[in-house]
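> how would this look folded up:
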Amino acid sequence: MQYKTLQTLLLLAGSVTISHASVAGETLDRIKERGELIGVMDQAYPPYSFLNDKNEMDGMDVDLTKEFARRLGVKAKIETPAWEVTTAGNWRGRWDICICSMTPDAQRARSLDFVTHYYSSPAVLVTSVNGNPLTKLADMEGKKIAAQQGGSYERYLNQTLKMEGYGAKPVTYPFKAVQVMPYGSEDLEYQDLSLGAGKRIDGLVSNLVTANERISKMPGKFKIVGEPLFEDPNWVAIDKGDKEWRDTVVKIFDDMRKDGTLQKITVKWIGTDISR
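Have a look, this model is predicted:
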């Protein structure tokens, strides 16, 4: 990127001051040329990302993506491909950034760069209050437990989740083996679990915040079992190999932390600051 182009971008960004050395590269050039940042996220992960009553994407990750785009001086566009496609990486310019509640692990890090941590929330086991509900974590043994296909929770159930180096504590497993039931979306998981534990599935693994959101909107259907399964750090991800774009993302998120924007947006959606 030429310096003149950089100056233009900084003028558009207004409140952002980014050093010359940190702003260059293919991704940023592409975003500026089309005047649009394309963010990718899950369509059914409330309150982080979901379709609202107006059939528009809404939620914490949506607000953060829009604020990020504003600081770049461009518009934000949200796309929602299948989660396993997003996490596979090798985006080849289709998407620019994932502020999308993604858990970093060794397998994903082969094809994605995890740039900066922006919140943590525990993973929990959820069961139905009807049918034959699970009463403790050890009850998972041999049961049908659902998780989103291609997600970190599916890898947890397969005991292949490795998050070393991303601020996560070592993961332990209260079971030897479960019947892993992969789903295309959490909406479908909760829909099947609402039939009663033991009908199609016995339980599912979900984010604590998302689980509480589902429980509050469908009272008398679900409950959280026992203590959290593991602490789930969530990082901003980008396609691999563009150091300048990575530096830009780090800079803007650092600015959002310093001026309180990151905390403000998390409190708006979660009710507490989970960005630490």
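> gap between Gln107 and Tyr166?
Distance of Gln107 to Tyr166, computed by CB to CB, to the nearest Å: 12 Å. All C-beta atoms are positioned from the backbone trio N, CA, C, and that covers glycine.
> can you give me the helices for the protein?
Under the criterion DSSP state H, the chain contains helices at 3-13, 26-34, 60-72, 83-88, 152-157, 186-193, 208-217, 243-258, 261-270.
> could those helices be laid out in a markdown table, adding mean neighbour count and mean pLDDT?
Shown next, in a markdown table, are these (neighbours: other CB atoms under 10 Å; pLDDT from 0 to 100):
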| stretch | mean neighbour count | mean pLDDT |
| --- | --- | --- |
| helix 3-13 | 14 | 40 |
| helix 26-34 | 18 | 94 |
| helix 60-72 | 23 | 98 |
| helix 83-88 | 19 | 91 |
| helix 152-157 | 25 | 94 |
| helix 186-193 | 21 | 95 |
| helix 208-217 | 18 | 93 |
| helix 243-258 | 18 | 97 |
| helix 261-270 | 18 | 96 |
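> in space, what's closest to Cys135 - neighbours in sequence excluded?
Actually, residue 135 is Thr rather than Cys. Val225 (7.0 Å; CB to CB, 6 or more residues apart in numbering).
> Leu161 too?
Arg155 (4.2 Å).
> just Pro81 next, same as before
Val40 (6.5 Å).
> quick one, what contacts the one you found?
Ile78, Glu79, Thr80, Pro81, Thr86, Trp91, Trp95, Ile97, Cys98, Cys100 (CB atoms under 8 Å, 6 or more residues apart in numbering).
> over to the third one: give its phi and psi.
Per-residue torsions, Thr80: phi -130, psi 70 (degrees, to the nearest 10).
> was I right to think it contacts Tyr45?
No. Checked against CB atoms under 8 Å, the pair Thr80 and Tyr45 is beyond contact range at 9.8 Å.
> what is in contact with those two at once?
Contact criterion CB under 8 Å, 6+ apart; residues shared by Thr80 and Tyr45: none found.
> between the two, who's got more neighbours?
Shown here are Thr80 and Tyr45; by other CB atoms under 10 Å, Tyr45 has more neighbours (26 against 19).
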